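K.L.:
here is a sequence together with a model predicted from it:
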Amino acid sequence: MYANFRVTRDTASDFIRLFVNRRAFGMQAHKPLPNGKVPYFLAKDWTTKQPKPLDNDVVRMHLNGDVTINLYAINPETQRCKWVAIDGDFDGAVEALFKLQWELKQDGVEAAIEQSRRGGHLWIFAETPLLAAECRIYIYNLALRLGVPIVGGGLKQGIEVFPKQDTVEDGEYGNALRAPLGVHRKTNRRYWFYEASTEPEPQLAYLNGLKKLTEAELHTFIKGMTLPENYKPPVHEPYVPRPARDGQQEFRILDYVRPRTKDRRNWWAPCPSCRQAGKDKSGDNLAIQIANPRYYKCWAGCSADDIRLALGQPIRKKQMA
């Protein structure tokens with residue numbers, strides 16, 4: 001069973017200075033789903049349905065063990081991050097993280113290894129927020145030079161680098177990572193950083209004492225480098241509606257629903273069928289693919305027929321010969 005703490009507001013403020021680069025965050029469910037997963041949900045104000053801003057009180061609850069939160073790396077207003085985290089959960093991951101930590105130290109970069117359920121996380125902290133795209137260039141080139149595998153580029157096993165994107169647009173979040181020093185609800189355990197006593201205050205003191213990566217140093221490290229070709233994001237062709245056939249315009253779901261948020265792949269909008277049934281109070285059951293809005297899916301289980309009927313636009317059935 002995990003230990004409970006009662007940290008001060010000053011301790012929570014130390015955590016925020018190190019880890020919080022934007023105020024959106026997720027909350028981990030307290031109990032596993034039937035499939036064993038313990039998912040995170042974007043924290044929202046239930047009155048306005050807008051993302052709830054992370055504050056000192058929520059961080060205290062996380063550090064105390066009352067709730068568990070996750071964090072987003074990139075601030076969309078600046079495209080910068082306060083930290084880079086390298087997640088390793090494959091066979092040999094811990095050895096790979098120590099190898100990266102040692103090599104980073106040769107550059108004068110002090111990184112901290114946090115234990116995790118299946119391996120570890122290697123954290124690098126910035127003196128001031130750095131461009132996410134430049135941080136990714138540094139870590140990807142360093143890992144490949146050392147022979148450390150990276151997920152993507154044809155590989156399914158390897159490290160994952162957070163942030164996973166170079167940029168996120170307004171309303172997007174990117175990929176989140178479990179915030180350190182809290183309780184993982186799947187194992188009911190805390191996972192600490194090596195090199196410090198297992199309590200929030202000495203852990204944060206250790207992290208605060210690490211030398212932080214500066215922008216000038218980063219520019220020196222990546223001079224002449226780009227993100228390796230195999231890991232560059234795909235270029236999406238712009239969506240072009242199909243020409244009208246038999247006098248009928250192509251059905252466009254975006255003509256009938258207004259997305260509330262979006263991520264790297266999808267817009268998220270209220271599901272018309274759910275709404276007709278008095279459901280989808282959060283207004284985000286319907287995923288609409290950004291690259292090709294012809295494809296949409298209700299994650300509550302409504303079919304395309306259900307959605308079209310709710311909109312008064314039933315799917316035309318092909319006539320039998």
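P.N.:
Thanks, I have the structure now.

K.L.:
doesn't Asp57 belong to a helix?
P.N.:
Yes: assessed by DSSP: H, G, I helix; E, B strand; the rest coil, Asp57 belongs to a helix.

K.L.:
can you tell me the closest non-neighbouring residue to Leu227?
P.N.:
Spatial nearest neighbour of Leu227, excluding adjacent residues (CB to CB, 6 or more residues apart in numbering): Ile137 at 5.3 Å. Just so you know, the C-beta spots here come from the backbone N, C-alpha and C atoms, and that holds for glycine as well.

K.L.:
hang on, that neighbour in a helix?
P.N.:
Yes: assigned with three-state DSSP, Ile137 falls within a helix.

K.L.:
packing partners of the helix or strand of the chain with the lowest mean pLDDT?
P.N.:
Least confident helix or strand, the chain: strand 261-262 with a mean of 75, by mean pLDDT, DSSP states H and E. Judged by 3 or more CB pairs under 8 Å, 6 or more residues apart in numbering; DSSP states H and E, strand 261-262 is in contact with strand 266-269.

K.L.:
again, 7 Å this time
P.N.:
Packing partners of strand 261-262 (3 or more CB pairs under 7 Å, 6 or more residues apart in numbering; DSSP states H and E): none among the helices and strands.

K.L.:
distance from the chain centre to it, please.
P.N.:
14 Å (CA atoms, centre = their mean, to the nearest Å).

K.L.:
what does stretch 91-106 give?
P.N.:
23 Å.

K.L.:
buried ones in that stretch?
P.N.:
Going by neighbour count (16 or more other CB atoms under 10 Å), the buried part of stretch 91-106 is Ala93, Val94, Ala96, Leu97, Lys99, Leu100, Gln101, Glu103, Leu104.

K.L.:
and what of stretch 293-306?
P.N.:
Buried-residue list, stretch 293-306, by 16+ other CB under 10 Å: Pro293, Tyr296, Lys297, Cys298, Cys302, Asp306.

K.L.:
again with stretch 135-144
P.N.:
Cys135, Arg136, Ile137, Tyr138, Ile139, Tyr140, Asn141, Leu142, Ala143.

K.L.:
surely the residue nearest to Leu227 is in contact with Pro228?
P.N.:
No: contact criterion CB atoms under 7 Å: Ile137 and Pro228 do not qualify, at 8.7 Å.

K.L.:
can I get stretch 223-231 in PDB? Just the C-alpha atoms.
P.N.:
C-alpha atoms of stretch 223-231 as PDB (Å, rounded to 0.1, in the frame of the first residue of the first chain):
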ATOM      1  CA  LYS A 223      23.600  22.600 -34.800                       C
ATOM      2  CA  GLY A 224      23.200  21.200 -38.300                       C
ATOM      3  CA  MET A 225      20.800  18.400 -37.200                       C
ATOM      4  CA  THR A 226      17.200  17.700 -38.100                       C
ATOM      5  CA  LEU A 227      14.700  15.200 -36.900                       C
ATOM      6  CA  PRO A 228      15.700  11.800 -38.400                       C
ATOM      7  CA  GLU A 229      13.700  11.200 -41.600                       C
ATOM      8  CA  ASN A 230      11.900   8.100 -40.400                       C
ATOM      9  CA  TYR A 231      10.500  10.000 -37.500                       C
END
